[in-house]
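Peer 1: Compute the structure for the input listed below.
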Amino acid sequence: MTNFSSKISTTTRIAEILVITGSMLFVYVIYPMGDAAHLTIATLLGTIIYSFAAELTGANADLRLRPFFIEARRVLGAWILTFLCLIVISWATKHTSTFSRLQIGMWAALGAGMLVAARGSIRNLLALYRRQGRNQRQAVLIGAGSLAQQWIQTVRNYPELGIVPVAAYDDDPVKIGGECKGVPVLGDCGHAVTFVNEKHVPMVFLTLPHNAEKRARQILDQFLSSPANLYIIPDIFTFQLMNLNAFQVGDIPVIALSASPMSARKEILKRAEDLILGILALIVASPVMLGITLAIKLTSPGPVFFRQWRYGLDGREIRIWKFRTMCVTEDGYRFQQATRDDWRITPLGRLLRRFSLDELPQLFNVLDGSMSLVGPRPHAVAHDESFRSRLPGYMWRLKIKPGITGWAQVNGWRGETDTMEKMEKRVEHDHYYIENWTLSLDIRILWLTLLHGFVNDNA
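Peer 2: Numbering: from 1, shown residues only. Below you'll find the model as predicted:
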């Protein structure tokens, strides 16, 4: 295993040297400016500096338990640090005018993309090797309860991690001598450090219950004399979680169990999407909206628009706009949901609902920032109050702006929610959307809405 890991490390470094030199060569071929000798020296310096910078940023550490974006971030950090050093060196030696800014900029951009792509390719290749039983790392578990069983099952479900539990330890005498998901329980927790040191096991996972804090501290003290990497698996699997992530405030680690998944960058990106596409949609839909306005005035008495209070982002009340499709305009905490053959729906309203045209005025909600083009559909306040206590995690839908269309709607969970099962399915899809949001997912939902969403038998 050690020999194989050494080969991986060497292969990675050689690949990155080839990427850095190859990207400069490619740039020089398509844009042959500057002195070739100076560019060669800059490239050689770049490869040397990057090797040290990658160590400094942790890009060469063992990242098998970390998601790829962390590795990519560290690689990009090392590449940026490399260019900062090159700029300082060229300024100190008075060679800044020797190089073409466009050429160096192209090298920086191409090199960054290729370095990340190379790391991704190596990671995928390693995942393939590990699925075949190569590049495995042995692991010991301290604790042989339900948490240990879940962790063993997890590493078996993800063989690309290359983690093989070989032994477990537990203070419960009933468990000693038995097995934990096929892993032998060799003794009490106090004997684990001896086994790990003698067998040179590189990874130890602490899987004790949350009420064993004192015992965990004792074990941590024992492993101060061990070179093994020690990891703590928090006993939080009994909770219903959303967007689980950990961070540090001062010296205190904090684990978020149900935080909003929308970072500032994602919020800016989603808002830009709403403004650009929302304005375009409003321009295209304006003739249709004017026609609907006139048709409502001519076919039934009452206002053209129906406004209703609903819960928006973080549970703040917003007032959404719709074309009126009923002969009544109910609002507030007493609300009767519309059904398929509801007597309150006007003939024109039935047509508008079938083709989802009654939702078009919500484009104004999108532009004023209270709604998004894509997100969980907002329910009436009375509806939310009814389900928040009956359906665990229901109000997590409010961790993101409500939308005109959503993942639940394009998957068929639209219209009347007259059973708990229907609402559970809608909420399940809303949770999936919130936890997996990307710009490409929004585009996919909007495309599916254009293809299928405007005609729906459940409306």
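Peer 1: can you give me the offset of stretch 172-180 from its chain's centre?
Peer 2: Distance of stretch 172-180 from its chain centroid, counting by C-alpha atoms, centre = their mean, to the nearest Å, is 38 Å.
Peer 1: Give the buried residues for it.
Peer 2: Neighbour counts over stretch 172-180 (16 or more other C-beta atoms under 10 Å) mark 175-176, 180 as buried. (Each C-beta comes from the backbone N, C-alpha and C, glycine too.)
Peer 1: Next step: those restricted to strands.
Peer 2: Cys180 (DSSP state E).
Peer 1: any chance of the buried residues of stretch 172-180 in JSON lines, plus pLDDT and distance to Leu280?
Peer 2: As requested, these are exported to JSON lines (pLDDT from 0 to 100; distance: C-beta to C-beta, whole Å):
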{"residue": "Lys175", "pLDDT": "92", "distance to Leu280": "63"}
{"residue": "Ile176", "pLDDT": "91", "distance to Leu280": "67"}
{"residue": "Cys180", "pLDDT": "91", "distance to Leu280": "57"}
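Peer 1: ok, of the buried residues of stretch 172-180, which one's closest to Gly113?
Peer 2: Proximity of the buried residues of stretch 172-180 to Gly113, judged by C-beta to C-beta, is greatest for Cys180, which lies at 44.5 Å.
Peer 1: For the residue lying closest to the closest one once chain neighbours are set aside, pull up the helix or strand it's in.
Peer 2: Take Cys180 and drop its neighbours on the chain: the residue closest to it by C-beta to C-beta, 6 or more residues apart in numbering is Ala144, 4.0 Å away. In the assignment (DSSP states H and E), Ala144 maps to no helix and no strand.
Peer 1: Closest one to Gly77 out of the buried residues of stretch 172-180, please.
Peer 2: Distances from Gly77 to these, taken by C-beta to C-beta, are shortest for Cys180, at 39.5 Å.
Peer 1: which ones are touching that closest one?
Peer 2: Counting by C-beta atoms under 8 Å, 6 or more residues apart in numbering, Cys180 touches 141, 144, 148-149, 152, 168, 170.
Peer 1: What distance do you get for it to Arg13?
Peer 2: 39 Å (C-beta to C-beta, to the nearest Å).
Peer 1: hang on, the earlier thing: narrow the contacts of Cys180 to those in strands?
Peer 2: Going by DSSP E, the strands hold 141, 168 from these.
Peer 1: For my notes, please list the contacts of Cys180 in JSON lines and give distance to Glu424 for each entry.
Peer 2: Formatted as JSON lines, the contacts of Cys180 follow (distance: C-beta to C-beta, whole Å):
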{"residue": "Leu141", "distance to Glu424": "35"}
{"residue": "Ala144", "distance to Glu424": "35"}
{"residue": "Ala148", "distance to Glu424": "31"}
{"residue": "Gln149", "distance to Glu424": "27"}
{"residue": "Ile152", "distance to Glu424": "30"}
{"residue": "Ala168", "distance to Glu424": "37"}
{"residue": "Asp170", "distance to Glu424": "37"}
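Peer 1: State the number of residues packed around Leu446.
Peer 2: Leu446 has 20 neighbouring residues, counting by other C-beta atoms under 10 Å.
Peer 1: pLDDT score for the residue nearest to Cys180?
Peer 2: Note on Ala144: pLDDT of 90.
Peer 1: okay, now it: neighbour count?
Peer 2: 28.
Peer 1: Show me where this structure has its strands.
Peer 2: Counting by DSSP E, the strands of the chain are 137-142, 163-169, 179-180, 183-187, 203-206, 229-232, 245-249, 252-256, 305-311, 317-323, 372-374, 403-405.
Peer 1: The first one - contacts with which helices or strands?
Peer 2: If contacts are counted by 3 or more C-beta pairs under 8 Å, 6 or more residues apart in numbering; DSSP states H and E, strand 137-142 sits against helix 146-157, strand 163-169, helix 192-199, strand 203-206.
Peer 1: repeat that with 10 Å
Peer 2: Contacts defined by 3 or more C-beta pairs under 10 Å, 6 or more residues apart in numbering; DSSP states H and E place strand 137-142 against helix 146-157, strand 163-169, strand 183-187, helix 192-199, strand 203-206, helix 213-222, strand 229-232.
Peer 1: and what of the fifth one?
Peer 2: Counting contacts by 3+ C-beta pairs under 10 Å, 6+ apart, strand 203-206 packs against strand 137-142, helix 146-157, strand 163-169, helix 192-199, helix 213-222, strand 229-232.
Peer 1: Single out the most deeply packed of the ones you listed.
Peer 2: strand 137-142 (a mean of 24; mean count of other C-beta atoms under 10 Å).
Peer 1: so how many other residues sit close to Pro347?
Peer 2: 10.
Peer 1: That one and Leu398: what is the separation?
Peer 2: In terms of C-beta to C-beta, Pro347 sits 35 Å off from Leu398.
Peer 1: Make JSON lines out of the helices and strands packed on strand 137-142 and add distance to Leu294.
Peer 2: Below are these laid out as JSON lines (distance: least, C-beta to C-beta, whole Å):
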{"stretch": "helix 146-157", "distance to Leu294": "59"}
{"stretch": "strand 163-169", "distance to Leu294": "67"}
{"stretch": "strand 183-187", "distance to Leu294": "73"}
{"stretch": "helix 192-199", "distance to Leu294": "78"}
{"stretch": "strand 203-206", "distance to Leu294": "68"}
{"stretch": "helix 213-222", "distance to Leu294": "70"}
{"stretch": "strand 229-232", "distance to Leu294": "66"}
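Peer 1: of these, which approaches Ala37 most closely?
Peer 2: Of all the helices and strands packed on strand 137-142, strand 229-232 comes closest under C-beta to C-beta, at 45.7 Å.
Peer 1: starting at the chain centroid, how far to that closest one?
Peer 2: So, by C-alpha atoms, centre = their mean, the centroid of strand 229-232 is 24 Å from its chain's centroid.
Peer 1: in its sheet, what does it sit against?
Peer 2: strand 203-206 (parallel) (DSSP bridges).
Peer 1: quick check, distance from the partner strand to the centre of its chain.
Peer 2: 26 Å.
Peer 1: what about that strand, average pLDDT?
Peer 2: So the average pLDDT for strand 203-206 ends up being 91.
Peer 1: can you check stretch 300-307 too?
Peer 2: 84.
Peer 1: Equivalent analysis for stretch 82-95, please.
Peer 2: Per-residue scores along stretch 82-95 average to 87.
Peer 1: Identify the residues contacting Phe83.
Peer 2: Counting by C-beta atoms under 10 Å, 6 or more residues apart in numbering, Phe83 touches 46, 49-50, 53, 104-105, 107-108, 111-112.
Peer 1: From these, list just the buried residues.
Peer 2: Neighbour-count burial (16+ other C-beta under 10 Å) is assigned, among the contacts of Phe83, to 46, 49-50, 53, 104, 107-108, 111-112.
Peer 1: contacting residues around Leu224?
Peer 2: 193, 230 are the contacts of Leu224 under C-beta under 10 Å, 6+ apart.
Peer 1: quick one: low-confidence parts of the chain?
Peer 2: Filtered on pLDDT under 70, the chain yields the residue ranges 1-6, 236-260, 327-343, 415-418, 453-459.
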